[in-house]
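Peer 1: Kindly return the folded structure for what I paste below:
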Amino acid sequence: MINRAGLGIACALGAAALYGMVPNFVRAAYVNGIPPIESTLFRTFVIAVVFAIVATAQGVRLTLPKGALPSFAAQSLATFFVSVAYLGSVQFIPVGLAVIIFFLFPVLIMLLAPVVEGRNPGLLRIAVAILAFCGLGVAVGPSFDDLDIRGILLAGIAAAGATLQFFSGRSISRYMTPAAFGSLVHLFILPPILLITLYAGSGTIRLFPGGTASALGLLFMCGVAAVYVIAYMIHMLSLRFAPASTVAPFFNLEPVVTTAIAAAILGERLQNNQYVGGGLVLAALLASSFIGRWKS
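Peer 2: Residues are numbered from 1 along each chain as shown. Coordinates of the predicted model:
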């Protein structure tokens, strides 16, 4: 198993920054006539095709080794939950609350690492993960006025899915390249996402000709797919280079980037709590990096 922590952390930061762009593109596509679930459907289709082309160009066969089946099943289930449950949760609870529940996953990874990875990340890393989580809570400033149990459960399922996605991504990397298993994973989850899209749209898909999608909406939808393809590849590379407990805290950068881009592009104003919370998250990431250097 490859263990290059520095490269893994660099990939994690890159993936988190790219993932942070996705919600803003999804929002812009929605404003221009494309429902979020259809952006999810399109990006799932695109990544399955693009990764299949990449794997074929690399001379890699799109077949599952017998030893990879358990981790492939876990990665598929996890990716489906992250793609659908997180998105669905914001229909029932405030976005800020959904973000806080979802980003419990770095803390969960730290706590489960001794069991799953057989390695103890140490109290300092766990403390840093909790600090980043607290900073996120300050930054998003969730509203607790509308606590719909359906939204809480969906966000919780998404957090569990993200935790499973990290551990299974590290495991499946022993057998397959990110392009190969990434293509098969997204091909596998494409049919259920299509069924959900058809159900949500009462049998219609609005991105097709004759639907509500505008040219600008289609452009942003393509942006969602392009960014997601690159982010997922780098995300899985980070797990190929380093254990999940090493790279997970650095994904707390994602909501900070999302908020900053929303302020810069969509004109959303940053509040004082967002500056303070974002600063705490960045401080936690720097501390985690220094801890890694100190222990190496």
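
Peer 1: So what's the residue count around L69?
Peer 2: 12 (other Cβ atoms under 10 Å). Every C-beta, even on glycine, is put in place using the N, C-alpha and C of the backbone.

Peer 1: Which elements pack onto the helix or strand containing it?
Peer 2: Using DSSP states H and E, L69 sits within helix 69-89. On a contact count with 3 or more Cβ pairs under 8 Å, 6 or more residues apart in numbering; DSSP states H and E, helix 69-89 meets helix 36-57, helix 95-102, helix 149-172, helix 178-200.

Peer 1: For that helix, give me every contacting residue.
Peer 2: Contacting residues not belonging to helix 69-89 are listed as 36-37, 40, 44, 64, 98, 101-102, 151-152, 154-155, 157-158, 160-165, 167-169, 171-172, 175, 181, 184-186, 188-189, 192-193, 196 [Cβ atoms under 8 Å, 6 or more residues apart in numbering].

Peer 1: One more: stretch 226-244?
Peer 2: So stretch 226-244 is contacted by 2-5, 7-12, 14-15, 18-19, 21-22, 25, 43, 46-47, 50-51, 109, 113, 116-117, 119, 166-167, 169-170, 173, 178-179, 181-182, 247 (Cβ under 8 Å, 6+ apart).

Peer 1: Got a PyMOL select line for the buried ones in those residues?
Peer 2: Command for PyMOL that selects the buried part of these, burial taken from 16 or more other Cβ atoms under 10 Å:
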select buried, resi 5+8+9+10+11+12+14+15+18+19+21+22+25+43+46+47+50+51+109+113+116+117+166+167+169+170+173+178+179+181+182+247
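
Peer 1: With just CA atoms, put stretch 185-204 into CSV.
Peer 2: Extracted in CSV, the C-alpha atoms of stretch 185-204 (Å, rounded to 0.1, in the frame of the first residue of the first chain):
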residue,chain,number,x,y,z
VAL,A,185,-18.9,2.9,-9.6
HIS,A,186,-20.7,5.7,-11.4
LEU,A,187,-22.0,3.4,-14.1
PHE,A,188,-23.4,1.2,-11.3
ILE,A,189,-25.2,4.0,-9.6
LEU,A,190,-26.4,5.7,-12.8
PRO,A,191,-29.7,3.7,-13.1
PRO,A,192,-31.0,4.5,-9.5
ILE,A,193,-30.1,8.1,-10.0
LEU,A,194,-32.0,8.1,-13.3
LEU,A,195,-35.1,6.6,-11.6
ILE,A,196,-34.9,9.3,-8.9
THR,A,197,-34.6,12.0,-11.5
LEU,A,198,-37.7,10.7,-13.4
TYR,A,199,-39.7,10.4,-10.2
ALA,A,200,-38.7,13.9,-9.1
GLY,A,201,-39.6,15.3,-12.5
SER,A,202,-42.9,13.4,-12.9
GLY,A,203,-41.4,11.4,-15.8
THR,A,204,-39.7,14.3,-17.5
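
Peer 1: which parts of that stretch are buried?
Peer 2: In stretch 185-204, counting by 16+ other Cβ under 10 Å, buried: 185-190, 193, 196-197, 200-201.

Peer 1: Closest one of those to R125?
Peer 2: V185 (28.1 Å; Cβ to Cβ).

Peer 1: what's the pLDDT at that closest one?
Peer 2: Note on V185: pLDDT of 95.

Peer 1: go on, the one 5 residues further on?
Peer 2: Predicted confidence (pLDDT) for L190: 95.

Peer 1: Please apply the same query to M1.
Peer 2: Confidence score, pLDDT, at M1: 55.
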